[in-house]
Each structure stands twice: as C-alpha cells, then as structure tokens.
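>>> Sharing a model that was predicted from the sequence below.
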Amino acid sequence: MSKLKTHKGMKKRFTVTASGKLKHRTANRHHRLSKKTGTRKQRLRLDGVIDGTVAKTVAALLAPGK
C-alpha cells in the first residue's frame, strides 16, 4: 500500500500551534476594505482557532498516519 500524503491545500491554509490547536486566517480581509469599519478590520487581523469535529478532520489531512 502506498504512503498517505499530506493535503497540500490544507497545509497552506492551516498551522498547528505548539499546544496542538489549529489556526487559520480570518476571511473577509482581502478586498472591499473601505466599507468595513476600523474596529471590524482590527478584529479580522486576528487568527481564528478551529475546534471540534472540523479540527479532527483538518488534523487528519495535515498529518496522515499519526
């Protein structure tokens, strides 16, 4: 049987922290920024953290076989 491979799309979009949590970049931060308030843009600068069932799915695609 061949080796399981890391999902390259997931690898580009998610990072695993030292404690094992999954971080992702916040959406809606790329264009049409003039209509968004400064407070909203400030909140969008923060990275989001994934938890629950979605985190298990993403972790499985990032590190197959672990």
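Alright, I've got the coordinates.
>>> just the strands in this protein please.
With strands called from DSSP state E, the chain shows them at 14-16, 22-24, 48-50.
>>> Longest helix in this protein, please.
In the chain, taking DSSP state H as the definition, the longest helix is helix 53-62.
>>> Which secondary structure elements does that one sit against?
helix 8-13, strand 14-16, strand 22-24 (3 or more Cβ pairs under 8 Å, 6 or more residues apart in numbering; DSSP states H and E). (Each C-beta comes from the backbone N, C-alpha and C, glycine too.)
>>> Dump those into TSV; add mean neighbour count as well.
Below are these laid out as TSV (neighbours: other Cβ atoms under 10 Å):
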stretch	mean neighbour count
helix 8-13	12
strand 14-16	15
strand 22-24	16
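>>> Give me the residues contacting the longest helix of the chain.
Residues outside helix 53-62 that contact it (Cβ atoms under 8 Å, 6 or more residues apart in numbering) are T6, H7, M10, K11, F14, V16, K21, L22, I50.
>>> contacting residues for the residue positioned nearest the centre of the chain?
Central residue check for the chain by Cα atoms, centre = their mean: the C-alpha nearest the mean position is that of H24, 2.4 Å away. Contact analysis of H24 by Cβ under 8 Å, 6+ apart lists R13, F14, T15, D47, G48, V49, I50.
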